[in-house]
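Chemist: Structure of the sequence below:
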Amino acid sequence: MKITSFLLACVACGTLTYSNQVFSQPSASPRLQTEEGRIFLNILERSYQLVLLHPAQAIEELDYALRSDSDWEAYAVRAMAHERLGNYEEAIADYSKALKSQLYNLKVVRLIYQARGHAYADVEKHALAVKDFTKILDNVMEVYDSDLNRASPDEQELVVNTYLARGKSYEALEQYNLAMEDYQKASRLRPDNAVAMRLKASLLNRLGGKQ
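Modeler: Residues are numbered from 1 along each chain as shown. Below is the predicted model of the structure:
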């Protein structure tokens, strides 16, 4: 079982609790004030803790919760659990359901696109992975008017990782020039990034040093 990029990001941000405002949406929904709403939130928070060690149990609990409340965050957490178990198609479906909900937190939206993109890549659907990775990059560039120096270190790191992920999908699609462009963009942002250096060297070797 692998740890998803989305889950890693949540752990890094300290977002494995429903109440954390970086990840969770502030909500004035009356349902949260009801007994049913409180039960739902308790299940959701417990499921966060189960994803790492007991993903199958997390899925069972979220299946139950989602029967009464189609919350985007529950779909995202269930997707993480599915991905932990290697159920990539199920993960993709749940990430897609999460994205269909109204999400106002751009950081969360980017993370879900990144996670779904990786899941697409895991099942060799690289054209779809490229689309998701491109959405992230386009959004960040639009927000900062293409000046990444204005972005936070975390957002810059997201951009670097997204360039590398998209480059790998381009490479799988045999679009080698586009792959090299993405690896080079990642290197310009983070000259000491070992992954970018390795991927560039590997692609150059693959092409016989013609680039």
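Chemist: contacts and neighbour counts: CA atoms only from here.
Modeler: OK.
Chemist: which regions of the chain lie under the pLDDT threshold?
Modeler: Within the chain, the stretches with pLDDT under 70 are 1-48, 69, 102-104, 209-211.
Chemist: mind listing the helices for it?
Modeler: 5-12, 35-53, 55-66, 72-84, 88-100, 106-122, 126-143, 153-172, 176-189, 194-206 (DSSP state H).
Chemist: Quick check: buried residues in stretch 87-102?
Modeler: For stretch 87-102, the neighbour count (16 or more other Cα atoms under 10 Å) marks 88-92, 94-99 as buried.
Chemist: Enumerate the positions of stretch 145-154 that are buried.
Modeler: Going by neighbour count (16+ other Cα under 10 Å), the buried part of stretch 145-154 is 148, 151.
Chemist: Mind putting the buried residues of stretch 87-102 into JSON lines with distance to Leu158?
Modeler: Converted to JSON lines, these look like this (distance: Cα to Cα, whole Å):
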{"residue": "Tyr88", "distance to Leu158": "22"}
{"residue": "Glu89", "distance to Leu158": "24"}
{"residue": "Glu90", "distance to Leu158": "24"}
{"residue": "Ala91", "distance to Leu158": "21"}
{"residue": "Ile92", "distance to Leu158": "20"}
{"residue": "Asp94", "distance to Leu158": "22"}
{"residue": "Tyr95", "distance to Leu158": "18"}
{"residue": "Ser96", "distance to Leu158": "20"}
{"residue": "Lys97", "distance to Leu158": "22"}
{"residue": "Ala98", "distance to Leu158": "20"}
{"residue": "Leu99", "distance to Leu158": "18"}
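Chemist: Most tightly packed of the helices of the chain?
Modeler: helix 72-84 (a mean of 27; mean count of other Cα atoms under 10 Å).
Chemist: Check the gap between the residue nearest the centre of the chain and Met80 for me.
Modeler: For the chain, the residue nearest the mean C-alpha position is Ala115 (2.6 Å; Cα atoms, centre = their mean). With distances taken as Cα to Cα, to the nearest Å, Ala115 is found 9 Å from Met80.
Chemist: Before I go, just wanted to say thanks for your time.
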